[in-house]
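Visitor: sequence and predicted structure, then a few things I'm wondering about:
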Amino acid sequence: MAGKNMNYFLMDSTPNGRIKCTLANWTGVAYKTPRVKLVDCKNIDYLKQSGVYFLFSKGDGDKPLVYVGQSGTRKNGEGILNRLKEHHASPKQGLEDWYEAIAFTTSNNIFGATEISWLENRFFALAVNANRYEAKNGNEPNAGNVTEEKESELEEYVDYAKIVMGVLGHLVFEPLVQNRIIQNTECKVGDDYIEFSMEQKMQNSGMTVKAKCKRSSEGYIVLQGSIINSKTNEKTCSGVAKKARERTKVDENNMLLEDVLFSSPSAASMFVTGASSNGYTAWKTAEGKTLKDVETSEANELRLLHIR
């Protein structure tokens, strides 16, 4: 994939303040603002236009919260900003502690009611599908009716907005696993996603766990469809793995109904076994190589590149 040229303006001279973001060959404009900085946004003309916005909250559950909204330009000359002010003064139930907003509009103010309704619906669907955040909209937004030509234009806008949203710190549109097609091909050094598996008979439950895991730039993802142990060894299973086992959705056969991300391979393997486990030796490729073998090969390859 070709690189992207993005421009950031730190409006408060700090990465924790307001940020304006534009992207080469994109008519969109994005603003990220802390809730406490809304009062300083009153002179931003772009935020007086029509557009789509997102409110973020850490929440009290397992996932952070997001609310997807839209706002058209009003008679008072204010659009998105006015709607954000309303959320600040009277937040929706469950979003009382939202701390940050990200708004999307255009540099040429071309969004009408039809466009922002379609975008709100599309962004909401992407967030729900990605399943990283809990969407707090309640009901699915109405998509309205757009022509095929207009939908094509808006999809292009969405593609760029997804990139901007991720770079601004929220992977709300990005599923943990980008490609669901499982291919048992030989892994190569430096692959972004390498798939591993493990199969083990568990003595405390009598069941055989069968799990698949993908290593990614974020960590180690135990894949949906994996079978995990029904019992947990409270003494040897790590706290991280135990908490994940308590909150993760499984069916009657203890099959995972969602992907689960871990920062270490051992936390991932302990999540599967419910007991002490060394992820570097438990996880193996289709060729039988352990994760430790793969990482050793990668280290040797990097060493050779340095010598060259």
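Guide: Alright, I've got the coordinates. Everything quoted here is computed from the prediction, not taken from an experiment.
Visitor: where along the stretch 1-150 of the chain do the helices fall?
Guide: Secondary structure of the stretch 1-150 of the chain (DSSP state H, counting those that start in this stretch): helices at 80-89, 113-130, 148-167.
Visitor: list the buried residues in the helix or strand bottoming out on mean pLDDT in the chain.
Guide: Sorting the helices and strands of the chain by mean pLDDT, DSSP states H and E puts helix 291-307 at the bottom, at a mean of 84. Neighbour-count burial for helix 291-307 flags 291-292, 294 (criterion: 16 or more other Cβ atoms under 10 Å). (Glycine included, C-beta is placed from N, CA and C.)
Visitor: and for stretch 108-118?
Guide: So for stretch 108-118, counting by 16+ other Cβ under 10 Å, buried means 109, 111, 115-118.
Visitor: returning to what we had before: counting by contacts, list what the least confident helix or strand of the chain packs against.
Guide: helix 279-282 (3 or more Cβ pairs under 8 Å, 6 or more residues apart in numbering; DSSP states H and E).
Visitor: any idea how far the helix it packs on is from the chain center?
Guide: Put simply, helix 279-282 sits 26 Å off its chain's centre (Cα atoms, centre = their mean, to the nearest Å).
Visitor: chain center to stretch 151-158, what's the gap?
Guide: 20 Å.
Visitor: for that stretch, list the C-alpha coordinates in PDB.
Guide: The C-alpha trace of stretch 151-158 is given here as PDB (Å, rounded to 0.1, in the frame of the first residue of the first chain):
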ATOM      1  CA  GLU A 151     -22.500   6.600  -2.400                       C
ATOM      2  CA  SER A 152     -19.200   5.900  -4.300                       C
ATOM      3  CA  GLU A 153     -18.000   9.400  -3.400                       C
ATOM      4  CA  LEU A 154     -18.900   9.000   0.200                       C
ATOM      5  CA  GLU A 155     -17.200   5.600   0.500                       C
ATOM      6  CA  GLU A 156     -14.000   7.300  -0.700                       C
ATOM      7  CA  TYR A 157     -14.500   9.900   2.000                       C
ATOM      8  CA  VAL A 158     -15.000   7.100   4.600                       C
END
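Visitor: just the buried residues of that stretch, please?
Guide: Quick answer for stretch 151-158 (16+ other Cβ under 10 Å): 154, 157-158.
Visitor: quick check, nearest of those to Cys41?
Guide: Tyr157 (22.1 Å; Cβ to Cβ).
Visitor: now that closest one, nearest residue through space, not along the chain?
Guide: Gly28 (5.9 Å; Cβ to Cβ, 6 or more residues apart in numbering).
Visitor: that neighbour: neighbour count?
Guide: Counted with other Cβ atoms under 10 Å, residues neighbouring Gly28 total 19.
Visitor: how about the one 5 residues further on?
Guide: Summarising burial for Thr33: neighbours were counted as other Cβ under 10 Å, giving 24.
Visitor: pLDDT value on it, please?
Guide: At Thr33, the model reports a pLDDT of 98.
Visitor: who's in contact with it?
Guide: The contact partners of Thr33, taken as Cβ atoms under 8 Å, 6 or more residues apart in numbering, are 18-19, 41, 84, 100-103.
Visitor: could you redo the last one with a cut-off of 10 Å?
Guide: If a contact means Cβ atoms under 10 Å, 6 or more residues apart in numbering, then Thr33 has 11-12, 17-20, 40-41, 44, 47, 53, 81, 84, 100-103 as its contacts.
Visitor: again, but for Cys213
Guide: 194-198, 220-223, 226, 259-260, 262, 265, 268-269, 271-272, 279, 282-284, 291.
Visitor: could you list the low-confidence segments of this protein?
Guide: 1, 74-77, 179-193, 306-308 (pLDDT under 70).
Visitor: strands along that one, start to end?
Guide: 6-10, 19-23, 28-34, 51-57, 65-71, 100-106, 134-135, 194-201, 208-215, 220-222, 260-262 (DSSP state E).
Visitor: start and end of stretch 277-296, how far apart?
Guide: 20 Å (Cα to Cα, to the nearest Å).
Visitor: oops, could you answer that again for stretch 100-114 instead?
Guide: Start-to-end, stretch 100-114 (Cα to Cα) is 26 Å.
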